[in-house]
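# here is a sequence with its predicted model. Questions after.
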Amino acid sequence: MKAIIYKSTGSWYFCKTEDGRVWNARTKGKFKIDKEITSTNPIAVGDHVEVVLEDELENSLMIVGIDARKNYLVRTSPHNKHQKHIVASNLDQSIIIATIKDPRTSMGFIDRYLVSCEVYHIPTMIVFNKADLLDEEDMLYFEQVKAIYTDIGYPVYLISAEANQGIDQLKELLKEKTTLITGHSGVGKSTLINTLIPVKDIRVSEVSDWSGKGMHTTTFAEMHDLPEGGQIIDTPGIRELGIVNVKRAELGGYFPEIRRKAQECKYNNCLHFNEPQCAVLQAVRDGAISEERYVSYAKIYETIDDKHY
């Protein structure tokens, strides 16, 4: 039988077979998959697996094989910075939920996430939630941020899950697709998912007053079926997203605007810091490349450790 992994709790998995039935599933001993992928979780949410019946009464299956993934998103393991953790696999697209205020999502966090999605060829859009909280000054800032990302090629949307603003358009974007949804705790991700799938009633986390960053509610990634067709994969509120599988010299290639401009640099191995006749630095000076995005590039560059590539 074939099944899709909907949730992992570490040792057990919840999966759905082609007939729509939900099962518990586990692996027997150590599960070997593609040797090129070494991660803390050999099976991830979104994986298509081969299963056999283990115990009908216990409603349990044994996972005996895993299909080749069309893609997957990897982050640094929360427990060991030198290990990888597969967030989810077989994605059609990804959404990062951000907010302009209460709390404000930093562009640095958005940029790190976009780089990760570029590495694994996952189309990504940015959705700003809590539109109902924005005053005139906030809206001016939103328009500036929106212009930065839409100029590069990333779609940007403004919604309010609380006020049901922009939700119909978002439902259309999600229809019949498998979409990973992520964002810091406190940005209203759970409220949004409750709006998209009212029967789920995911526990909503209040933004923590003392930190302004919110408290975690979800422990494991989990897939949910959408009423209109398709699936969303909810991820834990991520505080940091470690970039993996990227060397310093390759980083510029995952910033679309730097990748395009780098072709005009004098040296084809230009790192865009202090090399002569660097077209990227000139574009930053001219305002053709956002200074904020260039700062993100420089900060991410400093965090990459080539020794543990």
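Perfect, thanks for sending it.

# and V187, helix, strand or coil?
coil (DSSP: H, G, I helix; E, B strand; the rest coil).

# burial check on it, number of neighbours?
27 (other C-beta atoms under 10 Å). Any C-beta I mention is one placed from the backbone N, CA and C, and that applies to glycine too.

# quick one: it and D102 touch, right?
No. The criterion here is C-beta atoms under 8 Å, and V187 misses it with D102 at 9.0 Å.

# other SSEs contacting the helix or strand where V52 lies?
Using DSSP states H and E, the element containing V52 is strand 48-55. Judged by 3 or more C-beta pairs under 8 Å, 6 or more residues apart in numbering; DSSP states H and E, strand 48-55 is in contact with strand 2-8, strand 13-17, strand 22-27, strand 60-66.

# partner strands of the shortest one, parallel or antiparallel?
Same thing as strand 13-17. strand 2-8 (antiparallel), strand 22-27 (antiparallel) (DSSP bridges).

# now the longest one: how far from the chain's centre is it?
To tie it back to what came earlier, the one meant is strand 2-8. Relative to its parent chain, strand 2-8 has a centroid offset of 19 Å by C-alpha atoms, centre = their mean, to the nearest Å.

# what angle do that strand and strand 48-55 make?
90 degrees (axes from the mean of the first three to the mean of the last three C-alpha atoms, to 10 degrees).

# now the last one
Relative orientation of strand 22-27 versus strand 48-55 (the same axes, to 10 degrees): 100 degrees.

# got a list of contacts for strand 22-27?
3, 5-6, 11-17, 42-43, 49, 51, 54, 58-63 (C-beta atoms under 8 Å, 6 or more residues apart in numbering).

# buried stuff in it?
For strand 22-27, a neighbour-count test (16 or more other C-beta atoms under 10 Å) marks W23, A25, T27 as buried.

# which residues touch V244?
V244 touches V74, R75, T76, K84, counting by C-beta under 8 Å, 6+ apart.

# kindly reformat the strands paired with strand 13-17 as a markdown table and extend each row with distance to T191 and mean pLDDT.
Output for the strands paired with strand 13-17, formatted as a markdown table (distance: least, C-beta to C-beta, whole Å; pLDDT from 0 to 100):
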| stretch | distance to T191 | mean pLDDT |
| --- | --- | --- |
| strand 2-8 | 20 | 94 |
| strand 22-27 | 25 | 92 |
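
# out of those, which gets nearest to D234?
strand 2-8 (9.7 Å; C-beta to C-beta).

# dump that closest one to PDB, restricted to CA.
Output in PDB follows, covering the C-alpha atoms of strand 2-8 (Å, rounded to 0.1, in the frame of the first residue of the first chain):
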ATOM      1  CA  LYS A   2       1.000   3.600  -0.500                       C
ATOM      2  CA  ALA A   3       0.500   6.300   2.100                       C
ATOM      3  CA  ILE A   4       1.400   9.900   2.800                       C
ATOM      4  CA  ILE A   5       3.000  11.000   6.100                       C
ATOM      5  CA  TYR A   6       0.800  13.600   7.900                       C
ATOM      6  CA  LYS A   7       2.600  13.800  11.200                       C
ATOM      7  CA  SER A   8       5.700  12.500  13.000                       C
END
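
# helices and strands of the protein: which one has the lowest mean pLDDT?
strand 72-76 (a mean of 85; mean pLDDT, DSSP states H and E).

# each with direction, which strands does it pair with?
Strand 72-76 has these strand partners (DSSP bridges): strand 84-89 (antiparallel).

# residues making contact with the helix or strand that the strand it pairs with is followed by?
Under the assignment DSSP H and E, the closest C-terminal helix or strand after strand 84-89 is strand 93-99. Strand 93-99 is contacted from outside by 73, 105, 109-110, 113-114, 117, 122-130, 173, 177-184, 186-189, 192, using C-beta under 8 Å, 6+ apart.

# same check, this time on stretch 256-270
The contact list for stretch 256-270 (C-beta under 8 Å, 6+ apart) reads 118, 151-153, 249, 252-253, 272, 275-280, 283, 288-290, 293-294, 297.

# and what of stretch 145-157?
100, 107, 110, 114, 124-128, 158, 166, 169-170, 173, 256-257, 290, 292-293.

# tell me the domain boundaries of this structure?
2-66, 88-234, 248-303 (automatic domain parsing).

# any idea how far the first one is from the chain center?
Put plainly, it is domain 2-66. Taking C-alpha atoms, centre = their mean, one finds domain 2-66 lying 22 Å from the centre of the chain it belongs to.

# re earlier: now the buried members of the contacts of stretch 145-157.
100, 107, 110, 114, 124-128, 158, 166, 170, 257, 290, 292-293.

# mind listing which of those are in helices?
Among the buried ones among the contacts of stretch 145-157, DSSP state H puts M107, I110, L114, L170, E257, E292, R293 in helices.
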